[in-house]
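Trainee: How does the following fold in three dimensions:
(2 chains)
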Amino acid sequence: MDITGRDPLFDDDEEDPELQNQSEFVASKEFLVYLIDAGAEMLLPFDTKKGSFVQVSYLQSVLEAVEENLKQRIIGRDDKVGICFFNTIQKKNIQEANGVYVWSELKDLSADLIRSFSTLHENFQKEVGSQIHRPAGARENPLYDALWVVQAMLRSGTSKNVAKNVMLFTNNDDPFGDVDASVRQDMRRTTIQRAKDAQDLGIGIDLIPLSRPGEDFNLAIFYSSILKMEVDDEDGAQYLLAAANKFEDLKLKLRKKLYKKRTIRKMKLTMVGGTEIGIRTYALVRPSVPASHVWVDSRNNLPLKTERSFICYDTGALMAEPLKRFEEFQGKKVVMALDELTKIKNVTNVQLQLKGFKPMKCLKDYHNLRPPTFIYPDEEAVQGSYAAFIALHRAMLQQNKFAVAFYGSRASSQLVALVPQEEELADGLQLEPPGMHLIYLPYADDIRPTEKYHICSEASVPRASKEQVEAAAAFINKMKLDSWSVFDISDPAMQRHYAILQAIALEQEEESLLEATDTTLPDSKGIMRATSAVQAFKDAVYGPQHDQEEADAAAERAKGSIASQKRKAAAEVACKEAQNYDWGELADTGKLKDLTVPELKLYLTTHKLPLTGKKELIINRILTHLGK
Amino acid sequence: MPPIEETLVVLLDASVIMRPHLHVALQSLMSATGVVVQLMFNKADEVGLVFFGVADTKNDLNKELGGYENVVVSRPIAIVDEDLSKCLEDVPEGTVASDFLDAIVVGIDMIVKKLAQGKKGNIRLSLITTTENSIRDPDTGTVEEQVDNIAKQMSEQCIKLEATIVRIGQQTAFLDSKTQQKNEALLRRFESQAQAEVSIMESSMSLLGAMKPRNVTPTTLYRGDLELTPSMTVKVWVYKKTAQEKFPTLKKFSDNAPASDVHATREVKMDTDYKSVDNPDISVPPEQRTKAYRYGRNYVPISTELMETLKFKTEKGLKLIGFVPVSAMRRHYYMKEANMFVPEPGHTKSILAVSALARAMDASHQVALVRCVWRQGQNNVVLGVLTPYVATQLNRADGFYFNVIPFADDIREYPFTSFNTLPEALQPSEVQQKAADNLVHMLDLAPAENREMLQPDGTMNPILQRYYNFLHARALNSEADVPPIDEALHSIVEPDPELLSENSFAIQQFCTQFPLTPNFQKEKGRKRFWRERVKDEEAPLEIKDEAAMDVGPISFSSLVSKQVEEVGITNPVQDFEVLLARRDSSEWVPKALQGMKKIIDDLLDSAYSGNTYEKVLSCLCALRSGCVVQQEPLEFNIFLRKLATKCQGKRLNDFWERVVREMITLISRDEAPDSDVGSEEAAAFLTSQREALQEEPQDEIDEMELLLGEAI
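Mentor: Below you'll find the model as predicted:
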């Protein structure tokens, strides 16, 4: 353990404070307005692909998706959200524009918000109202107004760390279709201008187009000009596909804390010749743990402040945090100052010293201590880093080697393996980023000779025969998981934790907790498929009589060993004999001491009390048991 | 469970050939199996020490049976204590020949005699030798038969052998001499018949790591069934394979109790108090506190009991989920320290099943995905991967290595720019790529089979080693400094000079091909700045600590209120005393003295009709007493003499008369032994100066004239 008392496991996760305010590719926080079309088209029944028979309107499924997204977002991040509808009957916005209803201004996510949003489904028509019939000749342009309102809603956050986005849901690809031709062109132009203005202010517009039954959402009619894209058919189709996925993703049940990409540490990889390559480190794999609890005052639910104080054990005096530590060694208290302890750990000033290269097979499966750290070149710190890093990366991949380096940090200095990772893509998505994984290697002190714990004293231990290995191979073949990915299985304990939190916060019924399925359990269908292979394997290694043998052995065990059978019989006898004495009477009259120890033990055996001790102790035990 | 006691007999080759490496082997023994660690962890362990290949002979077998020459039992088997380190320092003189079989027999004899006394536990022989001397042929039969006999005996007595062959400085295995090969074969013969292990150490660094510092009692993490399918289970035991030896956590030290109190625990208790936000004076009692979790803007209170009833529950057991190809299981998924699955010892069916599975997986390049709940009611499940361990030694069972892999929740998907899409200018050129290819090829740490540098399994933790060395040194001497990192361990931290010189061309090529220019314009250090600030804040605290112990005539509490760096004009006496009291550096005393002298000079020079005399006198008094306390009499005496010449009979004569009146004398030998004057002489100085005053008015005038003349 580190001297600070913290688990040093993730000490390298400590970030450079100078990096904290840096937005790299993505901002650390998001301000998001859900802008939802409530127009007539949205009331059409939505064709959910799963073929459910309950007819749900577009609007309702958007509301559901947004609700799920809110529940996910509240766990993941510290975002602020706002919710705004357009094409509504009611109006509610500071600009007093018709057909725009700001249901919730931009604010922190809270349980209240989600709760009241979930009740909106039933009350929507009453509270907001869809504008089904557009008044003839109306010169209003709700989309234009809505964009304006949303822009105002997002004005508040000024910090550059904040990403501001609008998520626009609609199934109407032609918002000005039924407008009088004379004003249509004008409306179109001003709306595009409005969208462009918003984008210029750093507000991203994300369109979630929903295709109506029988016809694809035609981006070319209007929305492509808002999204600033030239649409040909192929692109459009791809965008729609991506958007449909995005919509499904909104409803994703996985509750996961989302992390914005951030650098852990900037450092230099020192080559053997002394030249330095700039790199940055990232945490791509880290065990997620539920956010730690806080203590609150149960009367008002306000968080409590914790105060730590140090007290001298000998004098009881309050003291400042001591700067000295000690260890008991040979009966002496060996005192060390904190800076001496730091000095011991500080064995090098080089952050990452390259030592050489080894073939991948030298990296054993047990050469692992904790999650790896990802490294990527940093051209900003050292010019030429990309070229040098990429060249090494390629050479290592091609020669199937990894690099060994010494990693020096305050918390732990150790040997590490740098394993090159090739970029892997699937459907244009990056599955594995290009770079190297820094794997922390154990020292000899950390490796245990487990293989040798049960060395057979005879010449050799049994080994599987060729037939047995073949039977195992056939079994393995049946139990193969097709296209397994690390994303397939979520942590049931974490999902449960978030479900509990959500259920209590939103005052849901607790039954909802039972819904969650444990994806870690083996697939029963796969096991069915493997039935015969398992049997064959079992027969090959255990012999065909195995189950019978096991059953016999179990029956034998149930009877108990000979010794325990004897013990049982003895206890029964004792029980019977003990009934010949009136223990209460004997105790009251003080005659217990007249009995012999074996006689007294009859009582103890009957009542399953310990039999040890001298006569006096035994009598006391009996008296205590009798309650006297 | 108390740790299993261990009996270890070290058989150390001290022959002439071994000599150059002996210090490293000794260091390894000292620091690893050595005294410190043994005392720390395995208090009951017993260690014996035998030197062989030495000029002397001293062992029981020699006395009883004759023969067994050049073997010295330096220390019989006994509980580890400081004596052992003395034995290690006192190595008898070496000879040319060393016969490790003799040494092994002597070692076994020691152990057998000890066993007769009812000694139990783990028994090891640790042999360190160069194997460069041939083994004497036995009187009857062959050497091989002799080895077999010894091995049989060892196996009967459950004695383990760890043989370390030292072959430092040899480049390849091809250079092994015939003798070496023969001896190695002999030692390997032990491997097949007794619980023996032979390792070859080719560098000082690996020799240093040859000794496992701490024997951890093996404890299983899990014993029970591994469910392949509901209809078939295998009995397995799960052990840790890697477990990081952490830097020790030291207790906080309190020096509040007087140093003389031998019973003081010196410990510090830590108290946590929960205060309500609206009234920070009141601490909230435990029954009024509830655990809460953040949910957006809200805190959701959930009592521990409620959490307990609602939370995810598990049944103990291991379940196979399925098999995936090795290629799909990326190395960077491994999240924690590795475990190992072994079939239940003695359970032949399970040993066979595990063996069949491991071998089939190995052949078909598959790994197994398993769901683990080690303990009943554990509050999460662990997802892991089994990779086959196929044993090469006949006496070991096949098994699996186990590593924890992430859930979908644990993976963070950050996008990174693809290398291929980077502009041409940032990509390596063909020549550059060649230089990199060559570097990766040449800088090979594992150039041949069985030759691997910096193998984790043989590399010691330099930091822990340094800590134990320091602990040992501090225990003996409380002033001891942090020792430098052990020389043999330098090669872990720094580039290997040998590898450097061998591949200087490839390295040079890489360096010249890749011009790497750091960008300095970015300001480096908010962090550093902050750290420095913390350091500054720590410094006065340190003084406070000492102030508590050191109760001197000066009131420290008033002094430490501000940090004094020099003697100032406003409060010179106080500043001077604070500076003298500072212990954080030796530079403060001279600084204080110089500062005080300067202040006195300055004050006198600026004196107007005696207005500063009072202050100067107090300064002079302070300086005098300071010089007495610091034992710097000359500093003061020289200064006072200079002052005398400066003042007497001149503008400042009236000040000097005050000095005489106040009897501010030179510091005499009575007050400070280093002084250049006796007490009489010291007292006489003032009066003699008065006389001198009458004798030397001339000088003054001359000086004045000189000045006036120049001015005109």
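Trainee: Name the helix or strand for A:Val335, please.
Mentor: Here A:Val335 sits within strand A:332-337, counting by DSSP states H and E.
Trainee: And that strand, how far out from the chain middle?
Mentor: Relative to the centre of its chain, strand A:332-337 is centred 42 Å away, using CA atoms, centre = their mean, to the nearest Å.
Trainee: mean confidence for the next helix or strand after it?
Mentor: Note on strand A:332-337: by DSSP H and E, the next helix or strand toward the C-terminus is helix A:338-345. For helix A:338-345, mean pLDDT is 85.
Trainee: So helix A:338-345, near chain B or not?
Mentor: Yes: Helix A:338-345 comes into contact with chain B (CB under 8 Å from any CB of the partner chain), by way of A:340-341, A:343-345. Where you see a C-beta, it was placed from the backbone N, CA and C, and this is true even at glycine.
Trainee: Poorly predicted segments of the stretch 1-150 of chain A, please.
Mentor: Filtered on pLDDT under 70, the stretch 1-150 of chain A yields the residue ranges A:1-28, A:47-54, A:76-77, A:132-139.
Trainee: before we move on, back to that, give the buried residues for the strand holding A:Val335.
Mentor: Within strand A:332-337, the residues scored as buried using 16 or more other CB atoms under 10 Å in any protein chain shown are A:334-336.
Trainee: could the residues you listed be laid out in JSON lines, adding distance to B:Val80?
Mentor: Listed next are the buried residues of strand A:332-337 as JSON lines, based on distance: CB to CB, whole Å:
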{"residue": "A:Val334", "distance to B:Val80": "18"}
{"residue": "A:Val335", "distance to B:Val80": "24"}
{"residue": "A:Met336", "distance to B:Val80": "23"}
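Trainee: Considering only those, which also neighbour chain B?
Mentor: A:334-336.
Trainee: still on that earlier bit, could you check the angle the strand holding A:Val335 makes with helix A:338-345?
Mentor: Interaxial angle, strand A:332-337 versus helix A:338-345 (axes from the mean of the first three to the mean of the last three CA atoms, to 10 degrees): 90 degrees.
Trainee: Adjacent strands (with direction) for strand A:332-337?
Mentor: strand A:324-329 (antiparallel) (DSSP bridges).
Trainee: which helices and strands does the one helix or strand A:Gln185 maps to pack with?
Mentor: Assessed by DSSP H and E, A:Gln185 sits inside helix A:181-200. If contacts are counted by 3 or more CB pairs under 8 Å, 6 or more residues apart in numbering or on different chains; DSSP states H and E, helix A:181-200 sits against helix A:142-153, strand A:203-209, helix A:223-226.
Trainee: Okay, and A:Tyr376 sits in which element?
Mentor: strand A:373-377.
Trainee: Over to B:Leu228?
Mentor: strand B:222-229.
Trainee: if we can go back for a sec, wait, which of the helices and strands packed on helix A:181-200 is closest to B:Asn395?
Mentor: Among the helices and strands packed on helix A:181-200, the nearest to B:Asn395 by CB to CB is strand A:203-209 (64.7 Å).
Trainee: Identify each buried residue in that closest one, please.
Mentor: A:203, A:205, A:207-209.
Trainee: what's in contact with that strand?
Mentor: With contacts defined as CB atoms under 8 Å, 6 or more residues apart in numbering or on different chains, strand A:203-209 is touched by A:150-151, A:154, A:163-171, A:173, A:195, A:198-199, A:217, A:219, A:223, A:226-227, A:239-240, A:243, A:246-247, A:250.
Trainee: So what angle separates the directions of it and helix A:142-153?
Mentor: Going by the same axes, to 10 degrees, strand A:203-209 makes 140 degrees with helix A:142-153.
Trainee: for strand A:203-209, what is the average pLDDT?
Mentor: 81.
Trainee: what do you get for stretch B:653-672?
Mentor: Mean predicted confidence for stretch B:653-672 is 82.
Trainee: now do stretch A:357-372
Mentor: Averaging pLDDT along stretch A:357-372 gives 92.
Trainee: Roughly how far does the residue lying closest to B:Asp278 once chain neighbours are set aside sit from B:Glu315?
Mentor: Nearest non-adjacent residue to B:Asp278, counting by CB to CB, 6 or more residues apart in numbering or on different chains: A:Leu302, 7.3 Å away. Separation of A:Leu302 from B:Glu315 (CB to CB, to the nearest Å): 39 Å.
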